[in-house]
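**Q** Pasting the sequence and the predicted coordinates here, then a few questions.
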Amino acid sequence: ARFELVDGQIVSLYSGEPVDETLVAYVLSGEFDQKQLPTFPTPTERHDTIVSNLHALLAALLKGQSFRVYSQATGVFIEKKEQSRFPDIVVVRKDDQQRTRLHQVLNPVVLVEVLSRSTQNIDKAEKLEEYQSLLSVEEYVMVAQDQPRVTVYRKISASKWEEEIFEGLDHGVEMKSLGLVIGLRDVYEDVVFEKSV
């Protein structure tokens, strides 16, 4: 299980729900036994497949260029709230990368979240606002799990952003800040969508 500290609360990264304070107190107590911890949500196979596909595609397409791609374990420091988030994918400029003393990225260029039912409201609202508050961020990309649909929020100016939606396996998603177009068929390779009734 992975967690974020959000507004002073410990929150499950995959459910978006705060951890009960009694559990936190128990973990910090001398009576703590790891075997007695409750089970927390983890990413779905579909989520993991999409993140793996995106990471591999971006790493291959950006090889030899001025960008570096990280996935899932890289914290991004949100100065506005003095806390960290852990996007599914973080893209930084190699020569200009800045980090806190706790190794959190200060100046990402592109941030990607793969949406899930339990966290999509947070990704579409709280994280959108937080990521847009970072001066270095040029694009925030939200990838649906249940259909081939990618939404890109792209910075136009310091205070203006545009939204662009890419749908269907035969289309590509454009990441202008990276100079790339990635086919949605490649993003969703090996993902089986449930048929609607």
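**A** Structure's in. What do you need?
**Q** contacts and neighbour counts: CA atoms only from here.
**A** OK.
**Q** Residue 185: what secondary structure?
**A** Classification of residue 185 using DSSP: H, G, I helix; E, B strand; the rest coil returns helix.
**Q** again, but for residue 64
**A** Under three-state DSSP, residue 64 falls in the coil class.
**Q** That one and residue 94: what is the separation?
**A** Separation of residue 64 from residue 94 (CA to CA, to the nearest Å): 11 Å.
**Q** Quick check, central residue of this structure?
**A** Centroid-nearest residue in the chain, with CA atoms, centre = their mean: residue 87, separated by 2.5 Å.
**Q** Model confidence score at it, please.
**A** Looking at residue 87, its pLDDT reads 95.
**Q** Now do the contacts for it.
**A** The contact partners of residue 87, taken as CA atoms under 8 Å, 6 or more residues apart in numbering, are 71-72, 74-76, 111-113.
**Q** Nearest to residue 138 among these?
**A** Distance to residue 138, by CA to CA, is smallest for residue 111 among the contacts of residue 87, at 8.7 Å.
**Q** how far away is the nearest residue to residue 93 once chain neighbours are set aside from residue 174?
**A** Counting by CA to CA, 6 or more residues apart in numbering, residue 93 lies nearest to residue 67, which is 4.4 Å off, once chain neighbours are set aside. Residue 67 sits 16 Å away from residue 174, going by CA to CA.
**Q** Going along the chain, name the strands of the protein.
**A** 3-6, 9-12, 67-71, 76-78, 83-85, 89-93, 110-114, 139-143, 149-157, 160-167, 172-175, 180-183 (DSSP state E).
**Q** Make a markdown table from those and add distance to residue 190 to it.
**A** What follows is the strands of the chain, written out as a markdown table (distance: least, CA to CA, whole Å):
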| stretch | distance to residue 190 |
| --- | --- |
| strand 3-6 | 28 |
| strand 9-12 | 27 |
| strand 67-71 | 19 |
| strand 76-78 | 29 |
| strand 83-85 | 28 |
| strand 89-93 | 19 |
| strand 110-114 | 15 |
| strand 139-143 | 15 |
| strand 149-157 | 15 |
| strand 160-167 | 17 |
| strand 172-175 | 17 |
| strand 180-183 | 14 |
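**Q** how about those in a markdown table, adding distance to residue 194 and mean neighbour count?
**A** A markdown table is the format used below for the strands of the chain (distance: least, CA to CA, whole Å; neighbours: other CA atoms under 10 Å):
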| stretch | distance to residue 194 | mean neighbour count |
| --- | --- | --- |
| strand 3-6 | 29 | 17 |
| strand 9-12 | 26 | 18 |
| strand 67-71 | 26 | 19 |
| strand 76-78 | 33 | 22 |
| strand 83-85 | 30 | 19 |
| strand 89-93 | 25 | 22 |
| strand 110-114 | 17 | 24 |
| strand 139-143 | 16 | 23 |
| strand 149-157 | 14 | 18 |
| strand 160-167 | 16 | 13 |
| strand 172-175 | 21 | 18 |
| strand 180-183 | 20 | 15 |
